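Asks: Make a model of this:
(2 chains)
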Amino acid sequence: MSSAQGEENEFFAGLSLVLPDRELRVTKRCLIEDLDGAKDANLEDVSKHPIVRAFIRERRDKTTGTRTVNQLSSGKEIWVLAQAQRHRGGTWFEAKRDIVWLVAAGHHESGSKDDFFPYCRQLDREGRLAPSKDDYKALFLDQRERLAARILIDAPLLRKRARESDSEISGQIGGKFGVNLAIEVVDEIEEITVAFDLRTLENPRYMWAILAALEADGEWEPAERMPSRSLEPHESAFRHMGLNE
Amino acid sequence: MASTTTVRISKDLSREVAQIAALRGQTSGDLLAKAWKEFLARNKDAFAKDMEEAAKIIRTGTTKDLAAFLSEDVEAHAEVAAEQAQQAQ
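Replies: Numbering: from 1, shown residues only, chains lettered A, B, ... in the order given. Below you'll find the model as predicted:
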């Protein structure tokens, strides 16, 4: 994918730049203390800052750099960003969540008491370098809001596809939750059967929200099988019967 | 025809599941599927209430309401994630 095509699929959302396969996100502490952002600022507000420009440019395609901040007491791998002669930043790649965090920014001036590298070590000793509980809370709330929006868009589209198909269809909701859907119509009765891939779900509430977005009226009940096959061990299925409109 | 799949769980849990499955003459997959069904059955009332709430939000609520419905576990998850981030290399 070319850079231009990639950029069409990315957008700023709160403290993140959301890319197709990962997020670039700044910690609140770094935003306020290092980048002089306002308390309610977002990443886009500080996107002209030299180190944020370097962050977006350098970590868009690569999660790491070429050198790390050494002698951190936590042993964390903080990758150095450099912009011009003096601007420096530190990024941490959280592989589990596919997030590159911008955790610190400053100026490099060897011997200076404000030099970026000892500053990073001090933050690390104080436990203020890594993302905090508030950072994660804000991250999860942002992600849930995006998921809610995607459920409301993806579920009706999936249902439309299933109606137009003669057989079971596979799809994803919110870009990551695997769902199989089959719709059978007999006379005036429409039966929807949905199988969730439990390996992709993190919370049962995601299932209830997806089922409700597929059909909010009437009752969903557990199903033992899909219309044309038995369930895989990693699947859980539900069935809904209603009038065909 | 039955097909197979790989379910990703921790090694410790995988070992325990395999041991219990062997004792019962079943496969790990069979046991996990059964455990999920039992989990659904045991929490049937709570899930029915959640489902009703989700349906009500879809009928009359907003995207923000749905996001709030999906976010009930955020506080606890944030605490765990922050602890893990402190310890991570």
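Asks: Now do the SS call for residue A:17.
Replies: strand (DSSP: H, G, I helix; E, B strand; the rest coil).
Asks: right, I mislabeled it, should have said residue B:56
Replies: Secondary structure, three-state DSSP: residue B:56 is helix.
Asks: From chain A, how far out is it?
Replies: When distances are taken as CB to the nearest CB, to the nearest Å, residue B:56 and chain A turn out to be 8 Å apart. For every residue, glycine as well, the C-beta is placed using N, CA and C.
Asks: Report whether the longest helix along chain A contacts chain B.
Replies: Longest helix in chain A, counting residues (DSSP state H): helix A:133-164. Yes. Part of helix A:133-164 sits near chain B under the criterion CB under 8 Å from any CB of the partner chain, namely A:133-137, A:139-141, A:144-145, A:147-149, A:151-152.
Asks: Please see if the next helix or strand along the chain from that helix touches chain B.
Replies: Toward the C-terminus, helix A:133-164 is succeeded by strand A:169-173 as the next helix or strand (DSSP states H and E). No. Applying CB under 8 Å from any CB, one finds strand A:169-173 out of contact with chain B, separated by at least 12.0 Å.
Asks: Buried residues, stretch A:54-69. List them.
Replies: Buried residues in stretch A:54-69, counted by 16 or more other CB atoms under 10 Å in any protein chain shown: A:54, A:55, A:56, A:58, A:59, A:60, A:63, A:65, A:69.
Asks: quick revisit: of the residues of helix A:133-164 next to chain B, buried ones?
Replies: Buried subset of the residues of helix A:133-164 next to chain B (neighbour count, 16+ other CB under 10 Å): A:133, A:135, A:136, A:137, A:139, A:140, A:141, A:144, A:145, A:147, A:148, A:151.
Asks: Can you tell me the SS state at the residue nearest to the fourth one when sequence neighbours are not counted?
Replies: Setting aside the residues directly before and after it, residue A:137 is nearest to residue B:78 in space (CB to CB, 6 or more residues apart in numbering or on different chains), at 3.9 Å. Put simply, residue B:78 is helix when judged by three-state DSSP.
Asks: Check the burial of residue B:78 by counting its neighbours.
Replies: Using other CB atoms under 10 Å in any protein chain shown as the criterion, residue B:78 is surrounded by 21 other residues.
Asks: Then residue A:20?
Replies: By the criterion of other CB under 10 Å, residue A:20 has 11 neighbours.
Asks: Do I have it right that it meets residue A:10?
Replies: Yes. Contact between residue A:20 and residue A:10 holds when scored by CB atoms under 8 Å: they sit 7.0 Å apart.
Asks: My guess is residue A:56 contacts residue A:17. True?
Replies: Yes. Taking contacts as CB under 8 Å, residue A:56 lies within contact range of residue A:17: 6.0 Å.
Asks: intersection of neighbour lists for these two?
Replies: Common contact partners of residue A:56 and residue A:17 (CB atoms under 8 Å, 6 or more residues apart in numbering or on different chains): residue A:24.
Asks: helix or strand for the spatially most central residue of chain B, which one?
Replies: Among the residues of chain B, the smallest C-alpha distance to the mean C-alpha position (CA atoms, centre = their mean) belongs to residue B:36, namely 8.4 Å. Element membership of residue B:36 [criterion: DSSP H and E] is helix B:28-42.
Asks: Can you tell me which helices and strands that helix packs against?
Replies: If contacts are counted by 3 or more CB pairs under 8 Å, 6 or more residues apart in numbering or on different chains; DSSP states H and E, helix B:28-42 sits against strand A:235-243, helix B:11-23.
Asks: Only alpha carbons, please: show it as CSV.
Replies: Output for helix B:28-42, consisting of C-alpha atoms alone and laid out as CSV, is shown next (Å, rounded to 0.1, in the frame of the first residue of the first chain):
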residue,chain,number,x,y,z
SER,B,28,-10.1,-30.1,25.1
GLY,B,29,-12.3,-28.6,22.4
ASP,B,30,-15.3,-30.5,23.6
LEU,B,31,-14.6,-29.5,27.2
LEU,B,32,-14.2,-25.8,26.4
ALA,B,33,-17.4,-25.8,24.3
LYS,B,34,-19.2,-27.4,27.2
ALA,B,35,-17.7,-24.9,29.7
TRP,B,36,-18.9,-22.0,27.5
LYS,B,37,-22.5,-23.4,27.3
GLU,B,38,-22.5,-23.9,31.1
PHE,B,39,-21.2,-20.3,31.6
LEU,B,40,-24.1,-19.0,29.3
ALA,B,41,-26.6,-21.1,31.2
ARG,B,42,-25.4,-20.1,34.6
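Asks: Buried ones in that helix, by neighbour count?
Replies: Buried positions in helix B:28-42, judged by neighbour count with 16+ other CB under 10 Å: B:28, B:29, B:31, B:32, B:33.
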